[in-house]
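K.L.:
I would like to see how this sequence folds:
(one chain, ligands or ions: 1)
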Amino acid sequence: MSDKASILVVEDNPELREALSDTLEYADYRVMAVDSGEAALEALADRPVDMVISDINMDGMDGHELLQQVRARFPVMPVVLITAFGSVGSSVRAMREGAVDYLLKPFKPEHLLATIEKYLAPRVNGSNDPVAVEPASQQLLSLARKVARSDATVLISGESGTGKEVLAQFIHRQSARADGPFIAINCAAIPENMLEATLFGHEKGSFTGAYQSSPGKFEQADGGTILLDEISEMDIGLQAKILRVLQEREVERLGSRKTIKLDVRVIATTNRDLRQHVRDGKFREDLYYRLSVFPLAWHPLRSRRQDIVPLAERLLDQHTSRMGRTAVRLDSEARLALTQHDWPGNVRELDNVLQRALIIQDGSAITASCLGLNMDAGQAPAAPEHQPLPNASVPAESIGLIEQNEGDADLSALGNDLKQREFQIILSTLKQQGGRRKETAEVLGVSARTLRYKLARMRDLGILGS
Ligand SMILES: Nc1ncnc2c1ncn2[C@@H]1O[C@H](COP(=O)(O)OP(=O)(O)OP(=O)(O)O)[C@@H](O)[C@H]1O
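P.N.:
Numbering: from 1, shown residues only. Next up, the predicted model:
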């Protein structure tokens with residue numbers, strides 16, 4: 001996958017469009033150029049874009065309206081509007097409506113590039129950064145990026161395997177402490193009687209077996225970040241000591257009276273509802289408030305289905321390159337099966353399923369049957385390889401019926417099963433028609449426009465590649 005940022009240029013003047021595209025391509029951006037607001041929305045539905053640069057004065061949908069539509073669909077997408085010389089009103093309006101900036105015609109290529117650099121988020125598809133395609137995940141990442149710039153304590157919550165540690169590392173890397181250490185400690189994995197010494201360090205002879213002095217994790221993290229993973233599992237007595245460290249920013253090793261000043265950013269994670277834990281008397285309320293200065297929550301994977309396939313592709317890339325194997329892709333039915341599954345074990349479960357699939361798969365593609373997901377109770381079986389041509393009236397009805405529920409983006413809601421079957425029918429018909437959309441629409445008894453819309457939705461969910 002390319003790591004270049006992708007820019008959508010919207011300009012109805014062909015010469016200017018070409019000049020913009022050339023400048024951007026020359027600067028090593030991936031460029032998509034379209035001539036209208038309507039075409040821009042189609043392009044955005046079709047493939048991932050990092051930034052939109054649009055002219056204001058265009059026939060049909062103008063730049064202001066496009067800005068509104070983009071903001072409604074992709075709230076964190078930076079949009080820069082190009083305004084005509086002298087139209088101060090337009091530029092003010094653009095900023096008020098949420099454009100990150102405007103460019104006044106005529107502008108120099110350097111000015112265009114500097115503006116882009118300023119607003120383009122650091123690439124999130126670098127091999128270590130969290131995958132975030134679902135708008136809610138992108139928002140979380142954008143919040144994380146903002147908080148990274150401060151020294152605020154962060155509490156990351158989320159079910160097990162959602163990516164809390166990945167997010168904590170991301171915050172560290174995005175912070176001014178990036179060159180300092182990142183020290184993670186799993187509070188649930190260390191025996192209770194050892195946790196205190198592990199965190200705070202100890203002096204020689206401070207307890208039986210302490211033959212040498214040793215710094216604790218807090219000291220090791222000095223100048224960097226400490227991650228207190230699964231903090232909810234920490235003994236209530238130790239919680240008081242952590243609170244003191246957070247307040248005083250200093251530690252004392254076990255068996256020592258010397259205080260050691262600390263410069264550490266603290267990130268904690270929990271897969272429990274920490275507030276409930278407080279109500280149950282198992283977690284100190286004062287520590288809870290200290291930690292949750294800036295709370296961030298990962299949704300479970302089943303609530304961010306657009307992340308599933310991109311995550312799967314990232315994980316597959318990582319495994320195949322580690323194994324020295326050539327790249328392996330997911331076929332359409334595998335993508336569908338992945339998107340359908342509810343992932344109670346979140347990304348960790350996804351990773352396990354993919355590793356298992358890599359072992360049993362012997363071609364260059366992973367199919368739905370390699371994943372073994374349809375064996376789970378409650379899952380609709382994946383479409384067979386050669387599904388008979390569906391009766392035209394069935395999908396036509398189902399498409400019409402589902403159309404009424406289009407606003408309902410949560411596939412796990414009622415009607416989920418029907419939608420999944422619809423996707424399977426579209427896929428198998430497309431396959432039978434050799435990918436020809438016109439014929440596929442005819443067989444399904446729907447308009448080309450409806451089919452295009454359905455395919456764009458399937459692409460959004462990662463069921464179809466772009
Ligand atoms: N957004 C993401 N992008 C890339 N990889 C991810 C992402 N989220 C999770 N992973 C991968 O999934 C696995 C689980 O992630 P992680 O350990 O961060 O989860 P966790 O929420 O901290 O889990 P636990 O609560 O069980 O400790 C890791 O292998 C991680 O690399």
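K.L.:
and the one residue in the stretch 51-200 of the chain that gets nearest to the ligand, how many neighbours?
P.N.:
Using Cβ to the nearest ligand atom, Gly163 is the residue of the stretch 51-200 of the chain that sits closest to the ligand, at 2.4 Å. Placement of C-beta: from N, CA and C, glycine included. Look at Gly163: counted by other Cβ atoms under 10 Å, it has 24 neighbours.
K.L.:
Where does the prediction get shaky in this structure?
P.N.:
Within the chain, the set of residues satisfying pLDDT under 70 comprises 1-3, 75-76, 85-86, 121-127, 374-421, 460, 462-466.
K.L.:
How is it divided into domains?
P.N.:
What automatic domain parsing lists as the domains of the chain is 6-119, 135-299, 304-382, 386-466.
K.L.:
from the chain's centre, how far out does the second one sit?
P.N.:
It refers to domain 135-299. Centre-to-centre, domain 135-299 and its host chain are 24 Å apart (Cα atoms, centre = their mean, to the nearest Å).
K.L.:
and it, how far apart are its ends?
P.N.:
Using Cα to Cα, to the nearest Å, one end of domain 135-299 lies 12 Å from the other.
K.L.:
which residue lies farthest from the center of this protein?
P.N.:
What lies farthest from the middle of the chain is Gly205; by Cα atoms, centre = their mean that is 47.9 Å.
K.L.:
Quick check: that one touching Gly255?
P.N.:
Yes: using Cβ atoms under 8 Å, Gly205 is in contact with Gly255, at 6.7 Å.
K.L.:
Residues in contact with stretch 237-256: which ones?
P.N.:
Stretch 237-256 has contacts (Cβ atoms under 8 Å, 6 or more residues apart in numbering) with 153, 192, 195-197, 199-207, 210, 213, 215-216, 218-219, 228, 231, 234, 258-264, 266, 283-284, 286-287, 290-291.
K.L.:
how about a cut-off of 6 Å?
P.N.:
Contact partners of stretch 237-256, identified using Cβ atoms under 6 Å, 6 or more residues apart in numbering, comprise 196-197, 200-203, 206, 218, 259-262, 284, 286-287, 290.
K.L.:
returning to that earlier point: where's the residue of the stretch 51-200 of the chain closest to the ligand relative to Ala312, distance?
P.N.:
Gly163 sits at a distance of 14 Å from Ala312 (criterion: Cβ to Cβ, to the nearest Å).
K.L.:
my hunch is that Val31 is in a strand, does that hold up?
P.N.:
Yes: judged by DSSP: H, G, I helix; E, B strand; the rest coil, Val31 forms part of a strand.
K.L.:
Confirm for me that Leu371 is in contact with Arg356.
P.N.:
No: contact criterion Cβ atoms under 6 Å: Leu371 and Arg356 do not qualify, at 8.0 Å.
K.L.:
So for these two, which sits in the more crowded spot?
P.N.:
More neighbours surround Leu371 than the other of Leu371 and Arg356, with 24 against 13 (other Cβ under 10 Å).
K.L.:
Just list the residues touching that one, thanks.
P.N.:
Contacts of Leu371 by Cβ under 6 Å, 6+ apart are Ala334, Ala337, Val353, Ala357.
K.L.:
Export the host helix or strand of the first one to PDB, keeping only CA atoms.
P.N.:
Using DSSP states H and E, the secondary-structure element containing Ala334 is helix 332-340. Listed next in PDB are the C-alpha coordinates belonging to helix 332-340 (Å, rounded to 0.1, in the frame of the first residue of the first chain):
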ATOM      1  CA  SER A 332     -14.300 -10.300  -1.900                       C
ATOM      2  CA  GLU A 333     -16.100 -13.100   0.000                       C
ATOM      3  CA  ALA A 334     -13.400 -13.100   2.700                       C
ATOM      4  CA  ARG A 335     -13.800  -9.400   3.100                       C
ATOM      5  CA  LEU A 336     -17.500  -9.800   3.400                       C
ATOM      6  CA  ALA A 337     -17.100 -12.600   6.000                       C
ATOM      7  CA  LEU A 338     -14.700 -10.400   8.000                       C
ATOM      8  CA  THR A 339     -17.100  -7.500   7.900                       C
ATOM      9  CA  GLN A 340     -20.000  -9.600   9.100                       C
END
